[in-house]
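> quick one, structure for this:
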Amino acid sequence: MAEKPIIEITNLIKEFHVGGEPIRILKDVSVSIDRGKFVILFGPSGSGKSTLLHSMLGLEKPTSGSVRIEDAYFEKMNPNEIARFRLAKIGIVYQRPDWIRSINVMENVAFPLAIKGVSRSKRNQKALDLLKSFKLEHRAYFEPTELSGGQQQKVEIARALITDPSIIVADEPTGNLDTESAENAMNLFKRLNEEKGITIIMVTHNMEYVSYASQTIYMRDGVILSGTGQFKTASTEPETKNKVKTTA
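So this is what the prediction gives:
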């Protein structure tokens, strides 16, 4: 019997109200993601990919539709329950690392474990071990802002890994990096996916990164574009049940 997808998004609609008028950002989106995939969520600015990502993470409540991650159904959970689930199961890497400036690199990496109540000695040792795996242990007692852009992104990834998540979500993680640092970050995500089996979901508008993916989700105008990934206009793309699995 085939394993069920690790993430299942069904008939998701998200509307915002501007001047009393509803603006539909997500238009009946359905997506399934299998465990262990490297997923690229790709599309131009304004396509709805960030709104889909935030809905997937439980950071925004959809107007209608459902989100299931593993055995958790977000529509049946309150915000505190979703936050605890997210902390336990999902590591998040942002485009601009959000550091706590009053603590050092090691303590920033260890911070998610502090929230979970892990002792200082245990969480700092685990953070140091992760920094060693990225060859950054010599920067453990630096302030994060003293690191280069590439080093900061590695530290951000280390912090995302500290809770041993089954999923890593990266929102434009290479947007502020030079070409070499961006390539290093992409290769790191690829290794985490292939060697540790972590499901990677990465948002980008850079088509060059599609080659890293085992599953690609193309978005435009709030809908999923399936098939070969050739973009269609909103007027010709149906707004109902655009189910995507893997595209070549």
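> now the phi/psi pair for the residue nearest the centre of the chain, please.
The centre of the chain sits closest to residue 169, judged by Cα atoms, centre = their mean, with a distance of 1.6 Å. Dihedral angles of residue 169 (phi, psi; degrees, to the nearest 10) stand at phi -110, psi 130.
> distance of the closest residue to it other than its chain neighbours from residue 99?
Excluding the flanking residues, the one nearest residue 169 by Cβ to Cβ, 6 or more residues apart in numbering is residue 201, at 4.8 Å. C-betas here are computed from N, CA, C, even on glycine. Shown here: residue 201 relative to residue 99, a distance of 23 Å by Cβ to Cβ, to the nearest Å.
> so these two - more neighbours on which side?
Neighbour count, other Cβ atoms under 10 Å: between residue 201 and residue 99, residue 201 has more, with 24 against 19.
> pLDDT (mean, whole number) over the one helix or strand the more buried one maps to?
Using DSSP states H and E, residue 201 sits within strand 199-204. Average pLDDT, strand 199-204: 94.
> the residue nearest to the centre of the chain contacts residue 55, doesn't it?
No - between residue 169 and residue 55 there is no contact under Cβ atoms under 8 Å: 11.9 Å.
> per-residue pLDDT, the closest residue to residue 77 other than its chain neighbours?
Distances taken as Cβ to Cβ, 6+ apart put residue 85 closest to residue 77, at 7.1 Å, once the chain neighbours are dropped. Looking at residue 85, its pLDDT stands at 95.
> alpha carbons of the helix or strand containing residue 31, as CSV, please.
Using DSSP H and E, residue 31 sits within strand 21-33. What follows is strand 21-33, C-alpha atoms only, in CSV (Å, rounded to 0.1, in the frame of the first residue of the first chain):
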residue,chain,number,x,y,z
GLU,A,21,-14.2,44.1,-2.1
PRO,A,22,-12.9,40.5,-1.9
ILE,A,23,-9.6,39.8,-3.7
ARG,A,24,-9.0,36.1,-4.3
ILE,A,25,-5.3,35.3,-4.0
LEU,A,26,-5.6,31.5,-4.0
LYS,A,27,-8.2,30.0,-6.3
ASP,A,28,-9.2,26.5,-5.4
VAL,A,29,-5.7,25.2,-5.1
SER,A,30,-5.0,21.5,-4.4
VAL,A,31,-1.5,20.1,-4.0
SER,A,32,0.0,16.9,-2.6
ILE,A,33,3.6,16.4,-1.6
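> and residue 108, that one's in a helix?
Yes - counting by DSSP: H, G, I helix; E, B strand; the rest coil, residue 108 is part of a helix.
> which stretches of this structure aren't confidently modelled?
For the chain, applying pLDDT under 70 flags the ranges 1-2, 226-248.
> residues in contact with residue 27?
13, 48, 221, 222, 223, 239 (Cβ atoms under 8 Å, 6 or more residues apart in numbering).
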